[in-house]
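S.K.: return atomic coordinates for the entry below.
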Amino acid sequence: MGDPTIKESFGVDHGIAGQSILLGAVEAGLGGCMIGSAKGDALADVLGTPERFQILLVITMGKPVETVMIEIVEPGEDLTYYRDENDVHHVPKRGLDELILHEV
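M.R.: Reported below is the predicted structural model:
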């Protein structure tokens, strides 16, 4: 949450904090998901959050019930997520060589 009585603008601090929380969760055997598109005002009403706070990011956490495999794909290959016959969730991602600029 952001508290505008402390700081007017929140930049990306909440994303960095969320990533750190989720990295700690993984170390503890938990899984999680950051949700930046949550309806903050409606959620604040349900939770009874004081009006001065602004919900910037929602983090869900729990024990993973599925196996997720991150797979590096070659440039131009399909990046569509899929489940195999064993219900393993495959998450294709571009490799670092495709994402990092080596020459300027």
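
S.K.: which residues touch the spatially closest residue to Gln54 that is not a sequence neighbour?
M.R.: Leaving aside its sequence neighbours, Gln54 sits nearest to Gly2 (Cβ to Cβ, 6 or more residues apart in numbering; 4.2 Å). C-beta here means a position set from N, CA and C on the backbone, and glycine is covered the same way. Going by Cβ atoms under 8 Å, 6 or more residues apart in numbering, Gly2 touches 10, 14, 53-54, 56.

S.K.: which pLDDT value does the model give Gly2?
M.R.: Note for Gly2: predicted pLDDT of 88.

S.K.: and if you look at the one 3 residues further on?
M.R.: The predicted local confidence for Thr5 comes out at a pLDDT of 87.

S.K.: tell me the secondary structure of it, please.
M.R.: coil (DSSP: H, G, I helix; E, B strand; the rest coil).

S.K.: quick one: it and Arg52, what's the gap?
M.R.: As judged by Cβ to Cβ, to the nearest Å, Thr5 and Arg52 stand 6 Å apart.

S.K.: more neighbours, the two?
M.R.: Taking neighbours as other Cβ atoms under 10 Å, Thr5 and Arg52 compare with Arg52 leading, 11 against 8.

S.K.: now the residue nearest to Gln54: phi and psi?
M.R.: Dihedral angles of Gly2 (phi, psi; degrees, to the nearest 10) stand at phi -110, psi 140.

S.K.: separation between it and Gly48?
M.R.: Distance from Gly2 to Gly48, by Cβ to Cβ: 17 Å.

S.K.: just curious, which of the contacts of Gly2 is nearest to Val88?
M.R.: His14 (31.6 Å; Cβ to Cβ).
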